[in-house]
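Enquirer: Here is my input, please return the structure:
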Amino acid sequence: MTPGRTAVRLRRAQSSRRQPSAVSTRRSALGVRGSILGSRLAARGSPTGFTLIELLIVISIIGILITLAQPSYQRAVTAAKEATLKEDLFILRDTIDQFYADNGTYPLALNDLAEKRYIRRVPKDPIAGSADTWTLIYFTDEQGQQNGIFDVRSSSDAIALDGTRYSDW
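Expert: Below is the predicted model:
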């Protein structure tokens, strides 16, 4: 190569660096990363993603945050189940009283309340998880005969957030 040709190539390279092409100017105006400088860095092998250490740090932080949030989440779930249990017990006791006021006797089974349309269906015990696990307290007369369901309680022996047993509510 002659010294004259090298100087011409050097001038052309310098002029192309000073004045970006119309395509790269449009891309940078639109916010697209397509400039000549960006493509040169990518071609040289500069990092364009996350390193393994960065990913491990982010995953560790997420794990710590989940560990901190888990107890409050469990407490909220338990509080919601307790509120549902209180509401279900109130509704069942109220409908048993309505049934007694209308018929003069207590229902023989909880399904009698649903069959006679006092309630749509027998609710599930939210703590035990089934509609068949309610503890039924029967009304007994002077002779010791059971004359129907007088009260309903949860069958769970677990302890509530306030320290009482669910079966005592």
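Enquirer: which secondary structure elements does the strand ranked longest in the chain contact?
Expert: Using DSSP state E, we find that the single longest strand of the chain is strand 146-153. In terms of contacts (3 or more C-beta pairs under 8 Å, 6 or more residues apart in numbering; DSSP states H and E), strand 146-153 is packed against helix 52-103, strand 135-140. The C-beta positions use only the backbone N, C-alpha and C, and glycine is treated the same way.
Enquirer: Ok, which of these comes nearest Arg153?
Expert: strand 135-140 (4.4 Å; C-beta to C-beta).
Enquirer: Tell me the strands beside that closest one, with direction?
Expert: Paired strands of strand 135-140, with direction, are strand 146-153 (antiparallel) (DSSP bridges).
Enquirer: Just give me how far stretch 158-169 sits from the chain centre.
Expert: 25 Å (C-alpha atoms, centre = their mean, to the nearest Å).
Enquirer: In stretch 102-121, which residues are buried?
Expert: 106-107, 110, 112-114, 118-119 (16 or more other C-beta atoms under 10 Å).
Enquirer: again with stretch 121-133
Expert: 122-128.
Enquirer: What are the contacting residues of it?
Expert: With C-beta atoms under 8 Å, 6 or more residues apart in numbering as the contact definition, stretch 121-133 has outside contacts at 81-82, 84-85, 88, 91-92, 110-111, 113-114, 134, 154-156, 158, 166.
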